[in-house]
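>>> sequence unavailable; structure follows:
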């Protein structure tokens, strides 16, 4: 599938609501546990998604479209949520994610991005030159990656409970 | 996490709604494509989930709890959806999944399953003796496995669009 701004917005609009319907009201036994060691819980993942929406995706898109001569992205802090989520409930984080995403979608639509704009570039601190379409495709894929992670982290809580079926459950391996 | 009937119901109640909020209204470019070869599209996965709810999970639970002397499960047809989904739109399948799951949850609650019941057994056609708690834990995990699959199938449609970011996106590898 070739990149499409409309089809990307379709997905970005839906993921916070889907995640919220999956997680809202679940017991902490599902949402506050991780996959062991330094891995993230579902709660940590939601904080990470919020931080991305607050500081990363749109800021980078706007920088690419700007007249700035300097277009190097700020590095993304993958651990910011351990500070920023402090004291907040999962329900509060889910509500915050829905609001910040909705604001971002409005901003994104208001940019009226053209096919030409999609080829404009910025400088990623690790990868070097990247295009606006690559940034936006990554935003979509990043959402889906974390939905997959959320499902896996929760599924693993039943790893020892499924007995011989573990053989059929790809997510537990 | 030890198996819990209440915490299993929590999850089983939420997954159809979460899936529906993710997929409802998306373009077919997201939902009718697969990962290549004989793999399943999102549309195929929803048909599979419906078939499981119609013929498999509850039928097996009820058989385990029954007084039948013969408790061998019918084999599950993993390809039934290619026939049963024919002519139906994705929106129709999503609505069907929500209804059949809701009916199943009501039935499951009405069984008033006790700790003792959870140890009762049936005979799986491949694995042999399995317990009710293993069956129900597998139902929950199976839902989450397919949410992960749905996310992956859709993410892969942008595999060639994310550029160098592919290195950070576990779901695309």
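Received the coordinates, thanks. Since the structure is predicted, the reported quantities are computational estimates derived from the model, not experimental observations.

>>> show me the contacts for residue A:90.
Neighbour list for residue A:90: A:23, A:28, A:31-32, A:42-43, A:46 [criterion: C-beta atoms under 8 Å, 6 or more residues apart in numbering or on different chains]. C-beta: built from backbone N, CA, C; applies to glycine.

>>> phi, psi of residue A:11?
Dihedral pair for residue A:11: phi -80, psi -50, per degrees, to the nearest 10.

>>> pretty sure it is touching residue A:144, no?
Yes - the pair residue A:11 and residue A:144 passes the contact test of C-beta atoms under 8 Å, sitting 7.4 Å apart.

>>> which neighbours do the two share?
Shared contacts of residue A:11 and residue A:144 (C-beta under 8 Å, 6+ apart): residue B:154.

>>> look up how far chain B lies from residue A:113.
To chain B, residue A:113 is 14 Å away according to C-beta to the nearest C-beta, to the nearest Å.

>>> again but with residue A:109, I slipped
16 Å.

>>> so is that residue in a helix, a strand, or just coil?
Taken by DSSP: H, G, I helix; E, B strand; the rest coil, the conformation at residue A:109 corresponds to helix.

>>> ok, it - contacts?
Residues near residue A:109 by C-beta under 8 Å, 6+ apart: residue A:9.

>>> please apply the same query to the one 10 residues further on.
When contacts are counted by C-beta under 8 Å, 6+ apart, residue A:119 touches A:131-133.

>>> thinking again about what came up before, including neighbour count, secondary structure and pLDDT, could the contacts of residue A:90 go into CSV?
Below are the contacts of residue A:90 laid out as CSV (neighbours: other C-beta atoms under 10 Å in any protein chain shown; DSSP: H, G, I helix; E, B strand; the rest coil; pLDDT from 0 to 100):
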residue, neighbour count, secondary structure, pLDDT
A:23, 22, helix, 98
A:28, 12, helix, 97
A:31, 22, helix, 98
A:32, 13, coil, 97
A:42, 24, helix, 98
A:43, 21, helix, 97
A:46, 27, helix, 98
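
>>> filter the residues you listed by proximity to chain B?
Counting by C-beta under 8 Å from any C-beta of the partner chain, residue A:23 from the contacts of residue A:90 sit close to chain B.

>>> neighbours of the residue nearest to residue A:137 when sequence neighbours are not counted, just the number please.
Distances taken as C-beta to C-beta, 6 or more residues apart in numbering or on different chains put residue B:161 closest to residue A:137, at 3.8 Å, once the chain neighbours are dropped. Each residue near residue B:161 was counted by other C-beta atoms under 10 Å in any protein chain shown, and the total is 21.

>>> report how many residues lie close to residue A:63.
Other residues near residue A:63 come to 18 when the count uses other C-beta under 10 Å.

>>> so it touches residue A:71, yeah?
Yes - judged on C-beta under 8 Å, residue A:63 makes contact with residue A:71 at a distance of 5.6 Å.

>>> now the common contact residues for the two.
Between them, residue A:63 and residue A:71 share these contacting residues under C-beta under 8 Å, 6+ apart: residue A:122.

>>> hang on, the earlier thing: report the two of the contacts of residue A:90 separated the most.
A:28 and A:46 (13.3 Å; C-beta to C-beta).

>>> and stretch A:96-111, what's buried?
Neighbour-count burial for stretch A:96-111, counted by 16 or more other C-beta atoms under 10 Å in any protein chain shown, picks out A:96-97, A:100-101, A:104-105, A:108.

>>> give me the subset of the residues you listed lying in helices.
Secondary structure assignment (DSSP state H) places A:96-97, A:100-101, A:104-105, A:108 from these within helices.

>>> pLDDT and distance to residue B:149 added to those residues, as JSON lines?
JSON lines is the format used below for these (pLDDT from 0 to 100; distance: C-beta to C-beta, whole Å):
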{"residue": "A:96", "pLDDT": "98", "distance to residue B:149": "28"}
{"residue": "A:97", "pLDDT": "98", "distance to residue B:149": "23"}
{"residue": "A:100", "pLDDT": "98", "distance to residue B:149": "28"}
{"residue": "A:101", "pLDDT": "98", "distance to residue B:149": "24"}
{"residue": "A:104", "pLDDT": "98", "distance to residue B:149": "27"}
{"residue": "A:105", "pLDDT": "98", "distance to residue B:149": "26"}
{"residue": "A:108", "pLDDT": "98", "distance to residue B:149": "28"}
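
>>> what's the farthest-apart pair in those?
Within those, A:96 and A:108 form the most distant pair, 18.3 Å apart (C-beta to C-beta).

>>> hey, where'd the strands end up in chain A?
Taking DSSP state E to define them, one finds strands in chain A at A:121-124, A:128-131.

>>> return the most buried member of those.
strand A:121-124 (a mean of 18; mean count of other C-beta atoms under 10 Å in any protein chain shown).

>>> what helices or strands is that strand leaning on?
Applying 3 or more C-beta pairs under 8 Å, 6 or more residues apart in numbering or on different chains; DSSP states H and E, one finds that strand A:121-124 contacts helix A:57-65, strand A:128-131, helix A:132-155.

>>> can you give me how far the longest one is from the chain middle?
Computed by C-alpha atoms, centre = their mean, to the nearest Å, the separation of helix A:132-155 from the middle of its chain amounts to 6 Å.

>>> report all helices and strands that that helix contacts.
Applying 3+ C-beta pairs under 8 Å, 6+ apart, one finds that helix A:132-155 contacts helix A:5-23, helix A:42-55, helix A:57-65, helix A:115-118, strand A:121-124, helix B:132-156.
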